[in-house]
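Enquirer: all I have is the shape, not the residue letters:
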């Protein structure tokens, strides 16, 4: 699996890397973007979508990041779980908040499985 | 698939149903609990765990409910998605918040898939 | 979605349907096989594999059926969960056994999710 | 990812570790519990639920462990698959039983996927 | 779940619906877009991404559509499986091609599960 | 996890390994088959099914391999993603085709999640 570093990147890839670094105030992009650079149109579209989706709105950035983490851990993506756990901590998720998030995810997994195993019919009105 | 109504329930099941109704201030429990009543020990344990996990703590009830919804939709559980969407709305999730939550879930699904398809190595330090 | 009934089936499909009915002692095959009949080579190969896998061996038929149910409910396949719950009951799964199976599946879902969310390293020696 | 060792653990964590060691007759708890110790209430609740669910009942301990393994492998949790394969072997799963369990899981995966891809309607009466 | 019809849609939603209808040469958009219209920014971004991704390129439109179907059926999304099966047929997928696609998906499901259940190490050089 | 090498394999396992090597024109089988050799009947059945499914038919070998890759990456199987990416490249998948395949998988993941989170009803006629 190839990771494309800035020094080796084509101009269109460098432009995306520059925008990521400026938007996030970081010195380098992480591996996800270096891997995605194998297909520049997907790199550019994915970054622009992500930037739009994660901007502050009706939900604050920390809540969005914790939702992203919840989705990533539920999908079983180890890379995503690692990077979004770090991102959520950087945005203010404390150990106590992390612990409660884990408890909710575990509980959801259990009740989701039970609801499917029992084929529970959706309640009228929902 | 059998749903056990209060009138037909054994005393140990009624006790759980009574606690759910009192805790939530509702007139009847929803189908999940009526289905789970086929196995009273699992009904009781699941409810007691859920009550503990969803109590206010370092995360507020609305955030917990949105995380539960994120996990349920990601797991593809239709019953769970329906019931936790309704619960999140009852706790204050507006249409704008719901729309942004959906956008985060969709974006997470896309980047999770890409990270796995590219087998991106976890960044050093994470 | 087309379901192919015996009366409308080609000879190669009828041959598989006949073998399913004879092996299971049933008057008609269920919808899964009628749907799969749209592609006769897949119908034939799938049935022959299933017959071999589910034959008595080091595991008895009821244990195999409960494992099949566990896999189906975990995968979230509603059709499969319905049909293998019925099959397991037909092979002797009591309500108490079903309740305990559900409890194990729910517990596994919860601990699986927690292990992935925490990225727990595999213990030495395993 | 932090693993909390007994020597560094708070009293409430040590109490859970002690109960795990006594119940299972082992010298140390495995990594799952050391990781979960970052959130003591979740550690305690999860262990108590697991102990209740895995106790002998209508299903014997080996059958429960094989169901746990089936759920874990189906969910794609590498840690869980490793630890429950080892646990099932410790409880008496032979190589022949393991091979047949794998065959059932593989077959279930195939037919689950086909049933979903074909959107097979649930048979009347199920 | 609300579906927003063209007659009731805001101008920004109508603009997207108009583009979908013009691009695809259809009289009405399907339910996915009517549901997504609850959050206009997500509607617009999703459609524009989809239009870019599904345009002819190094892969022809039928191959892209069959890959979309493979991903949707594997993810167990019933709506997506239904709509992309129809789309693939409209683009030229014959019954024989559909049958072989199903066979590949089923086989992949089986070997994926076996590889995970056995925790097979990735071959050197891959 | 044991990998069974040719030199240590029983005759029935060697026969399958020989057929894999002859069919594929390779000097050694990959780890998947060496792992599966712990259960010879599953090894033999799986290989024979795979050989039948992947043979040229209404779909060409490259398209089948890309569908296999799509299913494997969607299922989140790292081993399978690695091996089928390599196999698809060996059969002619260029970097541009790989990039577009990734884009389709990512887009499918996003719209699949949105369709499930919104519980979109299947369009009439599908």
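Expert: Received, thanks. Bear in mind that the values here come from a model prediction, so they are computed numbers and not experimental data. Numbering: from 1, shown residues only, chains lettered A, B, ... in the order given.
Enquirer: write out the residues of chain A neighbouring chain D.
Expert: Applying C-beta under 8 Å from any C-beta of the partner chain, one finds that chain A approaches chain D through A:76, A:95-96, A:98-100, A:102-103, A:106, A:113. In this view, the C-beta of every residue, glycine as well, is placed from N, C-alpha and C.
Enquirer: among these, which lie within helices?
Expert: A:95-96, A:98-100, A:102-103, A:106, A:113 (DSSP state H).
Enquirer: including pLDDT, neighbour count and distance to residue C:117, could the residues of chain A next to chain D go into CSV?
Expert: Shown next, in CSV, are the residues of chain A next to chain D (pLDDT from 0 to 100; neighbours: other C-beta atoms under 10 Å in any protein chain shown; distance: C-beta to C-beta, whole Å):
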residue, pLDDT, neighbour count, distance to residue C:117
A:76, 96, 22, 9
A:95, 96, 12, 14
A:96, 97, 14, 16
A:98, 98, 21, 9
A:99, 98, 20, 11
A:100, 98, 25, 12
A:102, 98, 26, 5
A:103, 98, 25, 10
A:106, 98, 28, 8
A:113, 98, 27, 16
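Enquirer: tell me the SS of residue A:120?
Expert: Here residue A:120 is coil, with the state taken from DSSP: H, G, I helix; E, B strand; the rest coil.
Enquirer: now do residue A:124
Expert: Residue A:124 ends up coil, using three-state DSSP.
Enquirer: quick one: neighbours of it, just the number.
Expert: Residues within reach of residue A:124, counting by other C-beta atoms under 10 Å in any protein chain shown, total 7.
Enquirer: is stretch A:80-95 positioned near chain C?
Expert: Yes. Shown here: stretch A:80-95 in contact with chain C (C-beta under 8 Å from any C-beta) through A:81-82.
Enquirer: for chain A, list the residues in contact with chain E, please.
Expert: Residues of chain A lying near chain E (C-beta under 8 Å from any C-beta): A:41, A:45, A:49, A:52-53.
Enquirer: which of these fall in strands?
Expert: Using DSSP state E, no member of these falls within strands.
Enquirer: can you say which of these are buried?
Expert: For the residues of chain A next to chain E, a neighbour count by 16 or more other C-beta atoms under 10 Å in any protein chain shown gives the buried set as A:45, A:49, A:53.
Enquirer: nearest to chain F, of those?
Expert: residue A:45 (7.8 Å; C-beta to the nearest C-beta).
Enquirer: now do the contacts for that closest one.
Expert: Applying C-beta atoms under 8 Å, 6 or more residues apart in numbering or on different chains, one finds that residue A:45 lies in contact with E:49, E:52-53, F:103.
Enquirer: what does residue A:29 give?
Expert: A:6, A:17, A:20-21.
Enquirer: follow-up on the earlier one: near chain B too, which of the ones in helices among the residues of chain A next to chain D?
Expert: For chain B, the contacts drawn from these by C-beta under 8 Å from any C-beta are A:96, A:99-100, A:103, A:106.
Enquirer: mind putting those residues into CSV with distance to residue D:63?
Expert: Converted to CSV, these look like this (distance: C-beta to C-beta, whole Å):
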residue, distance to residue D:63
A:96, 38
A:99, 33
A:100, 34
A:103, 29
A:106, 24
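Enquirer: tell me which of those is nearest to chain E?
Expert: For these, the nearest to chain E is residue A:106 (20.7 Å; C-beta to the nearest C-beta).
Enquirer: contacting residues for that closest one?
Expert: Counting by C-beta under 8 Å, 6+ apart, residue A:106 makes contact with B:53, C:110-111, C:113-114, C:117, D:42, D:46.
Enquirer: repeat that with 7 Å
Expert: When contacts are counted by C-beta atoms under 7 Å, 6 or more residues apart in numbering or on different chains, residue A:106 touches C:110, C:113-114.
Enquirer: how about the nearest residue to it, chain neighbours excluded?
Expert: residue C:110 (4.3 Å; C-beta to C-beta, 6 or more residues apart in numbering or on different chains).
Enquirer: is it true that residue A:121 touches residue B:34?
Expert: No. Using C-beta atoms under 7 Å, residue A:121 makes no contact with residue B:34, being 9.7 Å away.
Enquirer: settle it for me: which of these two has more neighbours?
Expert: The neighbour count for residue A:121 versus residue B:34, taken as other C-beta under 10 Å, is higher for residue B:34 (25 against 13).
Enquirer: got the confidence number for the more buried one?
Expert: Here, the pLDDT recorded for residue B:34 equals 98.
Enquirer: likewise for residue A:1?
Expert: 63.
Enquirer: quick one on the thing from earlier: and which of the ones next to chain B among the ones in helices among the residues of chain A next to chain D is nearest to chain B?
Expert: residue A:96 (3.8 Å).
Enquirer: so who does that closest one touch?
Expert: residue B:58.
Enquirer: what does residue A:99 give?
Expert: Here residue A:99 is in contact with D:38-39, D:42 (C-beta under 7 Å, 6+ apart).
Enquirer: could I have the buried ones of the residues you listed as ChimeraX selection syntax?
Expert: Applying 16+ other C-beta under 10 Å to the contacts of residue A:99, the buried members can be selected in ChimeraX as follows:
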select /D:38,39,42
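Enquirer: still on that earlier bit, which members of the residues of chain A next to chain E are positioned in helices?
Expert: Short answer: the residues of chain A next to chain E in helices (DSSP H) are A:41, A:45, A:49, A:52-53.
Enquirer: ok, which residues in chain A are in contact with chain F?
Expert: Counting by C-beta under 7 Å from any C-beta of the partner chain, chain A comes close to chain F at A:38-39, A:42, A:76-77.
Enquirer: look up how far residue A:106 lies from whichever residue of chain A sits closest to chain D.
Expert: Relative to chain D, the nearest point of chain A is residue A:99 (2.9 Å; C-beta to the nearest C-beta). Separation of residue A:99 from residue A:106 (C-beta to C-beta, to the nearest Å): 11 Å.
Enquirer: swap in residue A:23?
Expert: 33 Å.
Enquirer: how far away from the center of its chain is the helix or strand encompassing residue A:74?
Expert: Assessed by DSSP states H and E, residue A:74 sits inside helix A:61-75. Between the centre of helix A:61-75 and the centre of its chain there are 6 Å (C-alpha atoms, centre = their mean, to the nearest Å).
Enquirer: mind checking which of the contacts of residue A:29 are buried?
Expert: By 16+ other C-beta under 10 Å, these give A:17, A:20 as buried.
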